[in-house]
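A.B. asks: okay, structure incoming, though there's no sequence with it:
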């Protein structure tokens, strides 16, 4: 209850979530209004400026930009969400193991996270992506998730460490409750806000890595995403040729996604810290 | 102290070793053969040029790819230790190490200048944002700057490219110096190089300013609540002096820790900016190598990035206690 009241009062979080939902809605409602078949290469006359026939114009390869956006936005969001979920699942599991069970597990997991954070994500991703035969949306998500687990691991580990010192955990332990049950019933519910915050961070870093890889031309070749739209626009010199309707929509959409994520994460941060004050 | 140093250095060695191993393993674990891929690409340009199998075998023998895997690995380790990163396939026989060496000064220069500028400006802005008597103008300025910090560097670069390439062409938008100009060691070249660096640097500065401002603001709010700040106020010191000597000075030091933590993020961002502006640094060379499927150059650049960031982080970590006496190595 308190959680939801906190959410409804949190303007930053609400604004971020609303913006993301609006973008997701483009993917749901867009195909009903726009013929997504026009996002295929050569389906319309190339290089048309925005007009009555093509509200956002067309690119040099003969795609309707409007249709391309309707296809690309859900793909981009799907990669980010999927990679964020995978990263959070792995990071949460490792973080709780390290924080609750300590000992060797903690040492190994912490070192692994530290090492993985030192190696620049983009470098490893470039290496993997250049060696993959054909890139698809789900594969992209899995690859990017491989480097989105470190921050969740660290945050959740630190929080678990502090939670396990609480007296109610001691009470549970003295009552003979097993380790896994304590984690499930005592620790996990109290981690909820941190898990939410880690999720947003994981999605953000996954999205950043995705867009970066795509800018280098390593994104999915057959599925359109915002980053790939930008890559093709850059590849064909759309910016200096004055085809602004080609590169501006993906730029605006990418900027919106990242600003929404920033707002959501700042909002969640505020909530997490408020909780800290109340509990502490 | 010695124990900490040892731990830190061994962690760095582990990172370097892991980076080298990953760099070897990932391309080998993936299906596909770089040599055949390259030959296919060559032959698709000029039609059938003979027995592709024999050519591939000859090329593999020359590149050492016909040896068993463990031998290749040992060879690779040995070569890497001697900074022999192999040769470029697309521009045979150019050495990968030379390609990197040619691009490195551009990237390091761009990164150093833009990071310094953005660090200084962002820290100051963050400080002013946290200051209770700060002007309204600064607050208004803070909002767009912080919003920009969410946007990836290169996306901002695309916008700057459009503005200065088409609408208001006062700055060069591509390359490190004009094609018609032969780079020499004189003032004219220096000015031209500087002029070409403005837009890439501006993309990085504008997009990273906000992150420095946010962290600085957070730290300074904490510092201003400290007792010694209250004492300074009670002593009747000028607000300006309290702000600079008591607030900013103490809040600034954790910013260096933040710099060490986000270094790899900044470097990855700068690499992509280079692609947008065709800036002749490491990033643009990486992009070209990816386009040409030049695996050894990609591998070399990736390795160079991982290793140099690992080393830079250790150096920053070890320098921190010298800058900030409050930080002492654990275990002392």
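C.D. replies: Sure, I can see it. None of the values given here were measured: they were computed from a predicted structure.

A.B. asks: now stretch B:102-112: how far from the chain's centre is it?
C.D. replies: Distance of stretch B:102-112 from its chain centroid, counting by Cα atoms, centre = their mean, to the nearest Å, is 9 Å.

A.B. asks: give the contact list for the residue nearest to the spatial centre of chain A.
C.D. replies: By Cα atoms, centre = their mean, chain A has its centre lying nearest to residue A:203, at 2.0 Å. Residues near residue A:203 by Cβ atoms under 8 Å, 6 or more residues apart in numbering or on different chains: A:80, A:81, A:83, A:84, A:261. From N, CA and C alone the C-beta is placed, and that goes for glycine too.

A.B. asks: now it: how far from residue A:83?
C.D. replies: Note on residue A:203: its distance to residue A:83, by Cβ to Cβ, to the nearest Å, is 7 Å.

A.B. asks: picking up where we left off before, which of the helices or strands spans the residue nearest to the centre of chain A?
C.D. replies: Assigned by DSSP states H and E, residue A:203 belongs to helix A:188-215.

A.B. asks: quick one: buried residues of that helix?
C.D. replies: Neighbour counts over helix A:188-215 (16 or more other Cβ atoms under 10 Å in any protein chain shown) mark A:190-191, A:193-215 as buried.

A.B. asks: for stretch B:212-220, same thing?
C.D. replies: Using 16+ other Cβ under 10 Å as the test for burial, stretch B:212-220 gives B:212, B:213, B:214, B:215, B:216, B:217, B:218, B:219, B:220.

A.B. asks: state the mean pLDDT of that stretch.
C.D. replies: Mean pLDDT, stretch B:212-220: 90.

A.B. asks: just the residues contacting it, thanks.
C.D. replies: Outside stretch B:212-220, the residues that reach it (Cβ under 8 Å, 6+ apart) are B:118-119, B:121-123, B:125-127, B:129-131, B:142, B:145-146, B:149, B:247-248, B:251-252, B:254-255, B:258.

A.B. asks: cool, stretch B:85-95 as well?
C.D. replies: Stretch B:85-95 is contacted from outside by B:34-35, B:38, B:63, B:79, B:84, B:96-97, B:99-100, B:289, B:292-297, B:299-300, B:303-304, using Cβ under 8 Å, 6+ apart.

A.B. asks: go again using 7 Å as the cut-off
C.D. replies: Contact with stretch B:85-95 is made by B:38, B:96, B:97, B:99, B:292, B:294, B:295, B:296, B:297, B:300, as judged by Cβ atoms under 7 Å, 6 or more residues apart in numbering or on different chains.

A.B. asks: can you lay out those as CSV showing secondary structure and distance to chain A?
C.D. replies: Converted to CSV, the contacts of stretch B:85-95 look like this (DSSP: H, G, I helix; E, B strand; the rest coil; distance: Cβ to the nearest Cβ, whole Å):
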residue, secondary structure, distance to chain A
B:38, helix, 13
B:96, helix, 14
B:97, helix, 17
B:99, helix, 15
B:292, coil, 11
B:294, coil, 10
B:295, helix, 7
B:296, helix, 11
B:297, helix, 10
B:300, helix, 11
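
A.B. asks: for the stretch 151-300 of chain B, which residues are neighbours of chain A?
C.D. replies: Residues of the stretch 151-300 of chain B lying close to chain A (Cβ under 7 Å from any Cβ of the partner chain) are B:151-152, B:154-155, B:158-159, B:161-162, B:165-166, B:264, B:267-268, B:271-272, B:275-276, B:286-287, B:290-291, B:295, B:298-299.

A.B. asks: picking up where we left off before, report the distance from the helix holding residue A:203 to the chain centre.
C.D. replies: From the chain centre to the centre of helix A:188-215 is a distance of 5 Å (Cα atoms, centre = their mean).

A.B. asks: for the chain, what spans make up the helices?
C.D. replies: By default, I'm working from chain A. A:2-9, A:11-33, A:65-101, A:103-118, A:121-131, A:137-145, A:150-163, A:167-174, A:179-181, A:188-215, A:226-235, A:244-279 (DSSP state H).

A.B. asks: please go with chain B instead
C.D. replies: B:2-29, B:34-46, B:52-63, B:69-81, B:96-130, B:136-148, B:153-162, B:187-224, B:227-235, B:239-241, B:249-276, B:282-291, B:295-323.
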